[in-house]
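Trainee: Build me a structure from this.
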Amino acid sequence: MRVVTDEERRARLGVRHALAGSARVGSAEEAARAVVCLHATEPPSVHLSCWARVDGVTVDDVERALYDTRALVRQQSMRETLFVFPRDLVPAVWGSAAARVAAVHRKRLLKDLERWGGYGAGWLATAEEAVLARLADGVPRSSKQVREEVPEAGGVIVQAPDKAWGGPVAIAPKILTQLSLDGAVARAGNAGAWHTSRPTWTTTDAWWRQAVPAAYASREGYAEVVVRWLWSYGPGTVEDIAWWLGATKAVVRTALDDLGARQVSFEDGSAGWLRADDLEPVAAPEPWVALLPLLDPTVMGWRGRAFYLGPHTPHLFDSAGNAGTTVWVDGRVVGVWVQDPGGVVRLRLLEDVPRRAHEALAAEARRLTEWLDGQRVFTVYPSPAMQPAFEGRGGVSRGR
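Mentor: Purely as a prediction, here's the structure:
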């Protein structure tokens, strides 16, 4: 059986994820395609993930791909998380990961509506039809505007009134989320700056600008998503793919079987999977470094992360498992980056690195500082190593 070493896995990561200098790509769409899709929970992460993979990319380039050419599409799907997908992959996602989450979300939404508002399935169907009818004119509207213009969806429910975390919750955003998961509405734009999230909505029919493709059947949709994951992230285990997809192991095994994927072995003797057309070793690229944003697809791509995180896992994720910023050297995470009050990017390394790598990282920090041009990007997901109290507690800032 073909053995894929940790060293080769790190080489594949640098090449396939467009992080090594020689592997960088030419557009925001290609950056998303390199990692299947981009995490979009944190608005600036989409742009910063592109910055790390596309030389010379600008904020306007990314915005153009999202809202003008619409080569990239925001879609909530795996693990109820918001992603940015290449446009051609969206129908497969609609039929697979998004459909799975949509069913769970609808069940939970109905339960909340019935428990806290006395609304039933019939009421929800009427409200959804009213929202779609209002958005059918193609004019983008915020959730607040939908709430004001569609009386059927304008109410609130009072969740857990006897709890400190309870209180009134608007129904319209929940309906828009459901319709988005169903593929019926799309995020038409962002009424705020690029580093904030103020989405506007329209129907998918209006947004797509041409006949909307049909969603794939579930089995075919999962196979399409998995075959792309294998190219970008393979080899990976069944557990890796099931975690990333938010699906069952049975779904993953079916997809692997449908694709004719080939089993390989890792250094520790455990089994992973590669595409049948991707069995040749991937040579290591030239030495490379990278500064990646919160929740970047590379750091969130596998469930088993030891081959690139080493001993640093406790410092790099918050209590909910969200990854903070990461600093990479040749396929390994060696620290995090933060911005000081003036917007300057600062490195917090968790281990010594070679002088060559340290100099390259310092150059990347300067490049990112210039690109951000004073704009600070904040997060609700700081990892322990990003927090002020961590500074000076074992991190190093020198090369050897």
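Trainee: Kindly indicate whether the residue nearest to Gly246 when sequence neighbours are not counted is helix, strand or coil.
Mentor: The shortest distance from Gly246 to any non-neighbouring residue, by CB to CB, 6 or more residues apart in numbering, is to Arg79 (4.0 Å). C-betas here are computed from N, CA, C, even on glycine. Assigned by DSSP: H, G, I helix; E, B strand; the rest coil, the conformation of Arg79 is helix.
Trainee: so what's Arg79 scoring on pLDDT?
Mentor: Arg79 carries a pLDDT value of 92.
Trainee: so where's the longest strand in the protein?
Mentor: strand 332-339 (DSSP state E).
Trainee: for Trp229, what are its contacts?
Mentor: Taking CB atoms under 8 Å, 6 or more residues apart in numbering, we find Trp229 in contact with 36, 236, 241, 244-245.
Trainee: can I assume Asp258 is in contact with Gly221?
Mentor: No - applying CB atoms under 8 Å, one finds Asp258 not in contact with Gly221, separated by 11.3 Å.
Trainee: Pick out whichever of those two has more residues nearby.
Mentor: Neighbour totals were compared for Asp258 and Gly221, and Gly221 leads with 23 against 14 (other CB atoms under 10 Å).
Trainee: Next one: Thr196 from Glu42, what distance?
Mentor: Distance of Thr196 to Glu42, given as CB to CB, to the nearest Å: 10 Å.
Trainee: Compare these two (neighbour count), which wins?
Mentor: Between Thr196 and Glu42, counting by other CB under 10 Å, Glu42 is the more crowded of the two (21 against 12).
Trainee: show me the contacts for that one.
Mentor: Residues in contact with Glu42 (CB under 8 Å, 6+ apart) are 293-295, 379, 381.
Trainee: Also Val238?
Mentor: Applying CB under 8 Å, 6+ apart, the residues contacting Val238 are 249, 252-253, 256, 273.
Trainee: Any chance of those in TSV with pLDDT, secondary structure and neighbour count as columns?
Mentor: Shown next, in TSV, are the contacts of Val238 (pLDDT from 0 to 100; DSSP: H, G, I helix; E, B strand; the rest coil; neighbours: other CB atoms under 10 Å):
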residue	pLDDT	secondary structure	neighbour count
Lys249	98	helix	13
Val252	98	helix	25
Arg253	98	helix	15
Leu256	98	helix	20
Trp273	98	strand	24
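Trainee: and which of those is nearest to Ala125?
Mentor: Val252 (33.3 Å; CB to CB).
Trainee: What ranges does the stretch 251-400 of the chain have for its helices?
Mentor: Using DSSP state H, counting those that start in this stretch, the helices found in the stretch 251-400 of the chain span residues 306-309, 313-316, 355-372.
Trainee: Name the residues of the first one that come out as buried.
Mentor: If I follow you right, that is helix 306-309. Buried residues in helix 306-309, defined by neighbour count with 16 or more other CB atoms under 10 Å: 307-309.
Trainee: before we move on, what about the longest one?
Mentor: For helix 355-372, the buried set under the neighbour-count rule, 16+ other CB under 10 Å, comprises 357-358, 360-361, 364-365, 368-369, 371-372.
Trainee: Show residues contacting it.
Mentor: 48, 51, 287-291, 327, 329-330, 334, 337, 339, 343-347, 349, 353, 398-400.
Trainee: just the first one next, same as before
Mentor: Applying CB under 8 Å, 6+ apart, the external contacts of helix 306-309 come out as 6, 9-10, 13, 299, 316, 331-333.
Trainee: residue ranges with poor pLDDT in the stretch 301-400 of the chain?
Mentor: In the predicted model of the stretch 301-400 of the chain, residues 392-400 satisfy pLDDT under 70.
Trainee: right, I mislabeled it, should have said the chain
Mentor: Checking the chain against pLDDT under 70 turns up 392-400.
Trainee: and the longest helix for it?
Mentor: Ranked by residue count, the top helix of the chain under DSSP state H comes out as helix 97-117.
Trainee: other SSEs contacting it?
Mentor: strand 72-76, helix 121-135, strand 156-159, helix 172-181, helix 218-233 (3 or more CB pairs under 8 Å, 6 or more residues apart in numbering; DSSP states H and E).
Trainee: Just to check, Ala214 is in contact with Gly183?
Mentor: No - shown here, Ala214 and Gly183 do not form a contact pair, counting by CB under 8 Å, at 9.7 Å.
Trainee: Neighbour count for the two, which is higher?
Mentor: Higher neighbour count among Ala214 and Gly183: Gly183, with 21 against 10, using other CB under 10 Å.
Trainee: Tell me if I'm right that that one and Ala97 touch.
Mentor: No - between Gly183 and Ala97 there is no contact under CB under 8 Å: 11.8 Å.
Trainee: The strand or helix carrying Gln145: which residues count as buried?
Mentor: For Gln145, the host element (DSSP states H and E) is helix 143-149. Within helix 143-149, the residues that qualify as buried are 143, 145-147, counting by 16+ other CB under 10 Å.
Trainee: Check stretch 54-71 too.
Mentor: Applying 16+ other CB under 10 Å to stretch 54-71 flags 54, 57, 59, 61-67, 71 as buried.
Trainee: got the contact list for that stretch?
Mentor: 18, 24-31, 46-47, 50-51, 72, 74, 84, 86-87, 188-190, 194, 207-209.
Trainee: Pull out the buried members of the residues you listed.
Mentor: The buried subset of the contacts of stretch 54-71 - by 16+ other CB under 10 Å - is 18, 24-25, 27-31, 46-47, 50-51, 72, 74, 84, 86-87, 188-190, 194, 207-208.
Trainee: Take the residues you listed and keep only those in strands.
Mentor: Filtering the buried ones among the contacts of stretch 54-71 for strands - DSSP E - leaves 72, 74, 84, 86, 188-190.
Trainee: Val104: what's it in contact with?
Mentor: Val104 touches Glu80, counting by CB under 8 Å, 6+ apart.
Trainee: quick one: it from Pro173, how far?
Mentor: The value you get for Val104 to Pro173, if CB to CB is used, is 17 Å.
Trainee: try His105
Mentor: Distance from His105 to Pro173, by CB to CB: 12 Å.
Trainee: Kindly report the same for Phe85.
Mentor: Counting by CB to CB, the gap from Phe85 to Pro173 is 22 Å.
Trainee: The two: who's more crowded?
Mentor: Higher neighbour count among Phe85 and Pro173: Phe85, with 25 against 17, using other CB under 10 Å.
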